[in-house]
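In: okay, here's the prediction I keep looking at, along with the sequence it came from:
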Amino acid sequence: MHLLNSLIKNPIRMSSLYWRRHSVFQIALFIFFSISLFSQGRRDYIWILGGSGSRANDSNYYRFDLDFRSKPVSLNRLSPQYSVAQNNASICDKDGNLLIHTTGCYISDRLMRPMPNGKINDGFVWNFICKEEDYPLFHGCLIFPVASDEYKYIVLHKFYEFDVGPTKRTVVTRLLYSVVDMRLNNGYGDVVSKNNVVLNEFLTYSELTATRHSNNKDWWILVQSETGNSYYKIRISDDKVEYTGVQKIGRESMDYGGGQSCFSPDGNQYARMTMQDGLYLFDFDRETGQLSNFRHHLTGQENFDFSTGVAFSPNSRYVYITTEVDLYQLDTEVQDLSSSLVHIDTWDGYVDEGIWAAQFSHMMLAPDCKIYMRSRTSNRVMHVIHSPNQKGKACNFEQHGVHLPAWNHASIPNFVNYRLGYEPVCDSSLVMNWDPGLHEYQKELIIYPQPASIQLHLELWDRNASIDRIRITDLQGKEVLCQQVMNYSYRYSIDISHMESGIYFVSAQDRKGSFYSSKFLKE
């Protein structure tokens, strides 16, 4: 009451208090609506994966997705009627609902149907490849929201040509972009401008990646020259895609097609892992788009035959790199990069159906703060780094840590950190649903390596099951090993070093009484 009387007698004080409160309210509203307007939320929350265009009515070959919107994260089978492989990009709306997907042949809607004007990258390669498969590049596409128009999206895509130049090479010769307007086609979207040329240069076969400008609205894209040490800078500002110049820096290289590039989640570092020349690491200025502080590391395991991968930890400190069969971690806070090298693991010999080796390849940081790694060939598993912010082997790398509901044709989607400048890069409270629903093939016993010489590893697809008893017989049906398992796990390892060379059958019984069987070759 005293305060009210005081305010009535002192209108200047009353006016001042009103405007201070009103200003605070206005500022709060401005912050709220600014966050709502520019929040990027869950644009990478749907990961489309799958096979190479099989039309078989068999769900083992269906496409599927990882859906990070749900808790736990779910694995869901989708229609088989589209091809997904190495060239794989998509984007969701802010709430995580899928909007656009592309494999470089078409720009498709949320139901994986080509948009009416969705054909892109027209030319000989399209005619030769796209009727059956996706466009033959690794990470050759990326999709960006237009800051000033929530219904528009920009699709960047590399253009590939056969028999180019006097040496008749197959090479990426252009960087193109197309524009999608989601207001069209009854809300399913359509392409309003396509195959616009951003850059006419010989470029790397893969490695398309980006990070936000320091203004948190625009985007920087670095595109590497096929040979040498040139890095072409592209800036996306609203719906304008513009080449801004080239920088020559670091070691010269030759692209052999299977590398990967990425920016750190904070946007301040840029890394390339090349097949032939190891890791290239730079600092990056988000204001100017300039690279600096080049550092280089060779593992000694690089070769020209197998793809390599690179990914940063969520805290941007650690960078992970893969060669054919090895995973390494390096600490970017150490100037002498090579001195920080930790060998995390070597491929354990896992082979799907005795044919498809789950060796190491490209990686991607996911919304659940884990790093997922695809295998080098078609497979029904993915590898996982569960705690990538931890130093060394505490990062908790698990080989074939995710059992997939269908075949994945060496695919992992290409995303960037859409949340930079607005929200945390990931949400560690998300957990994976390890049981996507069992198929007939998933009732088999998984055994590896194939062939085996010293140890044989056994694994059940169902992580809720536990192996209770193991029995091994030779081709004549003679029992050579019978073992009761004391630990409660879906995995178990057996010493087979004493066994003679030959083919053996192995049977496992779980604690519910179900039987699983397979065979292996002892070297």
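Out: Nice, thanks for sending it over. Residues are numbered from 1 along each chain as shown.

In: let me see the ranges of the strands in the stretch 151-300 of the chain.
Out: Along the stretch 151-300 of the chain, counting by DSSP state E, counting those that start in this stretch, strands occupy 152-164, 169-181, 190-203, 209-212, 219-224, 227-237, 240-254, 260-263, 269-274, 278-284, 291-297.

In: list the contacts for residue 347?
Out: Contacts for residue 347 (Cβ atoms under 8 Å, 6 or more residues apart in numbering) come out as 324-326, 357-360, 399. Where you see a C-beta, it was placed from the backbone N, CA and C, and this is true even at glycine.

In: state the distance from it to residue 145.
Out: 38 Å (Cβ to Cβ, to the nearest Å).

In: excluding its backbone neighbours, what's nearest residue 219?
Out: residue 236 (4.1 Å; Cβ to Cβ, 6 or more residues apart in numbering).

In: distance check, the residue lying closest to residue 277 once chain neighbours are set aside against residue 404.
Out: Leaving aside its chain neighbours, residue 277 sits nearest to residue 253 (4.8 Å; criterion: Cβ to Cβ, 6+ apart). Using Cβ to Cβ, we find residue 253 at a distance of 33 Å from residue 404.

In: check residue 276 too.
Out: 30 Å.

In: so these two - more neighbours on which side?
Out: Comparing residue 276 with residue 404 by other Cβ atoms under 10 Å, the one with more neighbours is residue 404, at 20 against 16.

In: can you name the next helix or strand after the helix or strand containing that one?
Out: Assessed by DSSP states H and E, residue 404 sits inside strand 397-409. The helix or strand immediately downstream of strand 397-409 is strand 446-448, counting by DSSP H and E.

In: direction included, what does that following strand pair up with?
Out: strand 455-459 (antiparallel) (DSSP bridges).

In: which parts of the strand it pairs with are buried?
Out: Of the residues in strand 455-459, 456-459 count as buried by neighbour count, 16 or more other Cβ atoms under 10 Å.

In: so whichever helix or strand comes after it versus strand 455-459, what angle?
Out: Per DSSP H and E, the first helix or strand lying C-terminal to strand 455-459 is strand 467-474. Orientation check (axes from the mean of the first three to the mean of the last three Cα atoms, to 10 degrees): strand 467-474 against strand 455-459 gives 130 degrees.

In: residue 225 against residue 232, yeah?
Out: Yes - at 7.1 Å, residue 225 counts as touching residue 232 under the criterion of Cβ atoms under 8 Å.

In: now do the shared contacts for these two.
Out: Going by Cβ under 8 Å, 6+ apart, residues that sit against residue 225 and also against residue 232 are 201, 203.

In: can you list the domain ranges for the protein.
Out: 2-37, 39-409, 445-522 (automatic domain parsing).

In: among these, which is the most enclosed?
Out: Stretch with highest mean neighbour count among the domains of the chain: domain 39-409 (a mean of 19; mean count of other Cβ atoms under 10 Å).

In: and stretch 99-119, how far out from the chain's middle?
Out: 19 Å (Cα atoms, centre = their mean, to the nearest Å).

In: ok, now stretch 183-199?
Out: Distance, centroid of stretch 183-199 to centroid of chain: 24 Å (Cα atoms, centre = their mean).

In: ends of that stretch, how far apart?
Out: Terminal residues of stretch 183-199 lie 29 Å apart, using Cα to Cα, to the nearest Å.

In: list the beta-bridge partners for the residue nearest the centre of the chain.
Out: Among the residues of the chain, the one closest to the centroid is residue 364, at 3.2 Å (Cα atoms, centre = their mean). On the basis of DSSP bridges, residue 364 is bridged to residue 372.

In: any weak-confidence spans in the stretch 51-200 of the chain?
Out: Scanning the stretch 51-200 of the chain with the threshold set as pLDDT under 70 gives 52-58, 80-81, 165-168.

In: who's in contact with residue 283?
Out: For residue 283, the contacting residues are 268-270, 291-293, by Cβ under 8 Å, 6+ apart.

In: and it, bridged to which residues?
Out: Beta-bridge partners, per DSSP bridges, of residue 283: residue 269, residue 292.

In: from residue 330, how far out is the residue lying closest to residue 281 once chain neighbours are set aside?
Out: Nearest non-adjacent residue to residue 281, counting by Cβ to Cβ, 6+ apart: residue 295, 4.5 Å away. Per Cβ to Cβ, residue 295 is found 9 Å from residue 330.

In: what does residue 273 give?
Out: For residue 273, the distance to residue 330 (Cβ to Cβ) stands at 11 Å.

In: what do these two both touch?
Out: Joint contacts of residue 273 and residue 330 (Cβ under 8 Å, 6+ apart) are 279, 321.

In: now do the same contact list for the closest residue to residue 491 other than its chain neighbours.
Out: Nearest-residue entry for residue 491: residue 459, 4.9 Å, with adjacent residues in sequence omitted and distances by Cβ to Cβ, 6+ apart. Counting by Cβ under 8 Å, 6+ apart, residue 459 touches 400, 445-448, 490-492.

In: can we see that at 7 Å?
Out: 446, 490-491 (Cβ atoms under 7 Å, 6 or more residues apart in numbering).

In: where's the dip in pLDDT among the residues you listed?
Out: For those, the weakest pLDDT value sits at residue 446, with 84.

In: so what's it bridging to?
Out: Applying DSSP bridges, one finds that residue 446 bridges with residue 459.

In: look up how far residue 403 lies from it.
Out: Residue 446 sits 9 Å away from residue 403, going by Cβ to Cβ.

In: what touches both of those two?
Out: Common contact partners of residue 446 and residue 403 (Cβ under 7 Å, 6+ apart): residue 461.

In: re the thing from before, overlap in contacts of residue 295 and residue 330?
Out: residue 337.

In: still on that earlier bit, any idea which of the contacts of residue 459 is closest to residue 47?
Out: residue 446 (23.0 Å; Cβ to Cβ).

In: and that closest one, how far from residue 210?
Out: Counting by Cβ to Cβ - residue 446 and residue 210 are separated by 38 Å.

In: if we can go back for a sec, contacting residues around the residue nearest to the centre of the chain?
Out: 311, 372, 412-413, 415.

In: could you work out the most separated pair of the residues you listed?
Out: 311 and 413 (13.0 Å).

In: including pLDDT, could the buried residues of strand 455-459 go into CSV?
Out: Formatted as CSV, the buried residues of strand 455-459 follow (pLDDT from 0 to 100):
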residue, pLDDT
456, 91
457, 91
458, 90
459, 88
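
In: hey, what's the residue nearest to residue 484 when sequence neighbours are not counted bridged with?
Out: Using Cβ to Cβ, 6+ apart and skipping the chain neighbours, the partner closest in space to residue 484 is residue 469 (5.6 Å). Beta-bridge partners for residue 469, by DSSP bridges, are residue 484, residue 509.

In: nearest to residue 123 among the contacts of residue 283?
Out: For those, the nearest to residue 123 is residue 270 (30.3 Å; Cβ to Cβ).

In: that closest one and residue 282 touch, don't they?
Out: Yes - the pair residue 270 / residue 282 is scored as a contact, 4.7 Å apart, by Cβ atoms under 7 Å.

In: now do the shared contacts for those two.
Out: Contacts common to residue 270 and residue 282, judged by Cβ under 7 Å, 6+ apart, are residue 291.
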